[in-house]
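1. Just a sequence and a predicted model for now, questions to come.
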Amino acid sequence: MNEFLGEEIKINNGQNQPLRQGWKSRFMLYGIITGIVFDIFFYNKTLGISYPLFIIFLLMLVIVEFGKNLKLLKKTAWLFTLPILILSLTFFIYSNPVLKILNYLLIPLLMLMFIILLVKINKSDWSNIRFVGDIAKRIFVPVRFIHRPFTGLAETETNSKGGTGKTANRTLLKILTGILISVPILALILWLLTSADLVFKDIFINIPVFTAFKHFLLIIAVSVYTACFAWALVKAINERKESAHGTKQRKLFLDPTVILTILILNHAVYGVFSYVQFAYLFGAISYNLPPAFTYAEYARRGFAELVVVTIINFAILVFSLTYVKKEAKKIFAAVKVSLCILVVFTIVMLVSAFYRMTLYEKAYGFTYLRIFVQAFMVMLFFLFIVNIIYIWLPKLPIIKSYFAIALVVYMALNFANVDVIIAKNNITRYRSIKQMDLAYLKGLSWNAVPEIKHFYKSIKDSKDTEEKQMAEDMLLYFSEKKSELEKIKSWQSFNVSRYRASKFLVDS
């Protein structure tokens, strides 16, 4: 790694372009700044406006570091910043707990994809499954360089020249190195000791210096990983080769006649099923059912099975398009027509499954899972539309199209305000059939508080015993929410949904 330790790193891009000098100290500075910002934004604080601000800060670091080499970067990679910024804003605007967890995972992955593609260190195209390996490498490879911040200090000391002032500097560097190395050791020891003795834990956590130590530990952890990530990134840039990685030709092994036979047999079954859907479920012909069935029972079941069948059809479709032999043009054309018919039947199943889910929601209420399943079915619908296009236009970048559609649907779901949808529909359902899962309603996020408050106002003066009890339960709920809000005071935790909820809780 001698070339990696030099003061000048060159990018192999046709003409060697040096990165700016002093990269080692610069990356250590980036790490320290990132650690301090992370501590200010997130330590012991509820997420809010701090999250999009931190994402903007990270994007600014990327611009600062690579701003003078924009011509060497992949311009299309900047498109990834759009979903990154949009999804990060959900932490500021909304407070859906399920989508928060998903965004915890998705936003860092999108950031990694953005950086990998921006500096062109990926060994595989991002439409290739092997690109997952590039992402995993960027996550775990920095651990290999965990020693670099410490050895960097040692190298600074070694490169120092003699003299009284220099001797003092070397001693200071040694002390600083010792402190940095002792941090993880002390953290482990303190965790074990405070777990072993409750009295010691009680005494220790009340020492002001302990709070300072926890801040220091967090800053060091984030700083070291950030610096190591930058080190690993530069090494990857330095080792990048201009020679294009050839795409391995897929072996076509599926006989078109076999696939055509399978599809025709499936179509026979799907044709009967589609007729039944139009005849009974959709009511296109009549509502006459066999004596053993009621329409409500018939309509409110089967959506899960239909979604599974849809996924199976999706796999058949993709597998056929990818691996079927294309020598016999007439038979292959028949396969393409048959695949289009498969898509049509599958869309009928998706519509049937979606309709069944709406009936199920009317009967049993709206939940996160049911809304998310419907969003998944909408996504599958658009994926099948893209598949029809791909059948006749095979040059379409199908995997990238899948990714773009899935991301757009997911972003739309984030901004659909699922909690409000659930609250409104469940309240409307209560007014129709007088059934309500109040515990689930109270378990929704801050987004639903205004709707719950409107519902409370509509029943608080009711003479119905059940509604009186519900109103009392909601008053207790409002009191608990007020107590939660009182604990969230930092500006970093500011969130629009919590702010709106606080306005509705004032007079509760």
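-> Structure received. Numbering: from 1, shown residues only.
2. What ranges does this protein have for its strands?
-> For the chain, the strands defined by DSSP state E occupy 10-11, 17-18.
3. any weak-confidence spans in the stretch 101-250 of the chain?
-> For the stretch 101-250 of the chain, the stretches with pLDDT under 70 are 146-184, 187, 190-191, 194, 197, 199-210, 239-250.
4. can you give me the helices in it?
-> Listed in chain order, the helices of the stretch 101-250 of the chain (DSSP state H, counting those that start in this stretch) span 131-140, 148-159, 164-196, 198-205, 208-239.
5. Please name every helix or strand in contact with the last one.
-> Using 3 or more Cβ pairs under 8 Å, 6 or more residues apart in numbering; DSSP states H and E as the contact criterion, the secondary-structure elements in contact with helix 208-239 are strand 10-11, helix 23-42, helix 131-140, helix 148-159, helix 164-196. To be clear about C-beta, it is placed using only N, CA and C from the backbone, and glycine gets the same treatment.
6. And it, what's buried?
-> Residues of helix 208-239 classed as buried by neighbour count (16 or more other Cβ atoms under 10 Å): 213-238.
7. I figured L383 was touching V408, is that so?
-> No - using Cβ atoms under 8 Å, L383 makes no contact with V408, being 11.4 Å away.
8. The two: which is more packed in?
-> Ranked by neighbour count (other Cβ atoms under 10 Å), L383 and V408 place L383 first, with 20 against 13.
9. Which residue is the nearest non-sequential neighbour of V143?
-> Excluding the flanking residues, the one nearest V143 by Cβ to Cβ, 6 or more residues apart in numbering is C228, at 7.1 Å.
10. and I312, how many neighbours does it have?
-> Neighbourhood size, I312 [other Cβ under 10 Å]: 12.
11. and what of F455?
-> F455 has 23 nearby residues by other Cβ under 10 Å.
12. next one: the one 3 residues further on
-> Applying other Cβ under 10 Å, we find 13 residues neighbouring S458.
13. repeat for the one 3 residues further on
-> Counted with other Cβ under 10 Å, residues neighbouring D461 total 9.
14. Next, find the distance separating it from L441.
-> D461 is 20 Å from L441, where distance means Cβ to Cβ, to the nearest Å.
15. cool, L413 as well?
-> Distance from L413 to L441, by Cβ to Cβ: 20 Å.
16. go on, A227?
-> Counting by Cβ to Cβ, the gap from A227 to L441 is 47 Å.
17. before we move on, what about S95?
-> As judged by Cβ to Cβ, S95 and L441 stand 15 Å apart.
18. what sits against L47?
-> Counting by Cβ atoms under 8 Å, 6 or more residues apart in numbering, L47 touches 91, 100, 493, 495.
19. Identify the farthest-apart pair in the residues you listed.
-> The most widely separated members of the contacts of L47, counting by Cβ to Cβ, are K100 and S493 (13.3 Å).
20. Now do stretch 322-332: distance from first to last residue.
-> 12 Å (Cα to Cα, to the nearest Å).
21. If you average the pLDDT over that stretch, what comes out?
-> Average pLDDT, stretch 322-332: 77.
22. ditto for stretch 414-421
-> What stretch 414-421 shows for mean pLDDT is 96.
23. What residues sit buried inside it?
-> Within stretch 414-421, the residues scored as buried using 16+ other Cβ under 10 Å are 414, 417-420.
24. Closest one to A136 out of the residues you listed, please.
-> N414 (25.4 Å).
25. can you list contacts of stretch 456-465?
-> So stretch 456-465 is contacted by 467-468, 470-471, 474-475, 478 (Cβ under 8 Å, 6+ apart).
26. returning to what we had before: looking only at neighbour counts, state which of L413 and L441 leads.
-> Counted by other Cβ under 10 Å, L413 and L441 do not tie: L441 has more neighbours, with 24 against 20.
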